[in-house]
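Visitor: Sequence and computational prediction follow.
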Amino acid sequence: MIEEYRFGSITINGKTYNFDVEALWTGEVLKWRRKESHLIDVVDVEKAVKSNPDTIVIGTGESGVAQITEEAKKFISEKGIRLVINKTEEAVKVFNIILNELEKEEGKQNKAIGLFHLTC
């Protein structure tokens, strides 16, 4: 699904995006807007949580500058959603693995959402 990540851009299903994205297991890609650029709070993950995924993968930027509040982590975990947080390059790799692992094993696709900060 995600072919490439470089500082400031990400290529998903052949299309390059130069803004932070929310990538859904369905292949849909949305602009990911946050209240504060480098602070990820409940309001910034609510839309993803409402989609009822199995997993949310958050990429915190090339250097991991973006921080996730404890409230946002708790909000996600209380919904029974697995949360993976890493620098964006590693988060992209994990996201692709998660999408592929269940599909190969059982013929089903894992409902995962990737929230990727593309800079810092």
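Guide: Received the coordinates, thanks.
Visitor: Every contact and neighbour count from this point should use C-alpha atoms.
Guide: Noted.
Visitor: Show me what the worst-scoring helix or strand of the chain on mean pLDDT is packed against.
Guide: Within the chain, no helix or strand scores below helix 88-106, which has a mean of 85 by mean pLDDT, DSSP states H and E. In terms of contacts (3 or more CA pairs under 8 Å, 6 or more residues apart in numbering; DSSP states H and E), helix 88-106 is packed against strand 2-6, strand 55-60, strand 112-117.
Visitor: neighbouring strands for the first one, and are they parallel or not?
Guide: Meaning strand 2-6. Here strand 2-6 is paired, per DSSP bridges, with strand 9-12 (antiparallel).
Visitor: pLDDT of the next helix or strand after the strand it pairs with, averaged?
Guide: Next helix or strand after strand 9-12 toward the C-terminus (DSSP states H and E): strand 15-17. Averaged across strand 15-17, pLDDT comes to 98.
Visitor: For the helix or strand following strand 15-17, which strands pair with it and how are they oriented?
Guide: Proceeding N to C from strand 15-17, the next assigned helix or strand is strand 21-24, under DSSP H and E. Paired with strand 21-24 in the same sheet, following DSSP bridges, are strand 29-31 (antiparallel), strand 112-117 (antiparallel).
Visitor: residues near the residue lying closest to Ile2 once chain neighbours are set aside, how many?
Guide: Excluding its sequence neighbours, the residue lying closest to Ile2 (CA to CA, 6 or more residues apart in numbering) is Ile12, at 4.3 Å. The local packing of Ile12 (other CA atoms under 10 Å) involves 18 other residues.
Visitor: Before I go, just wanted to say thanks for your time.
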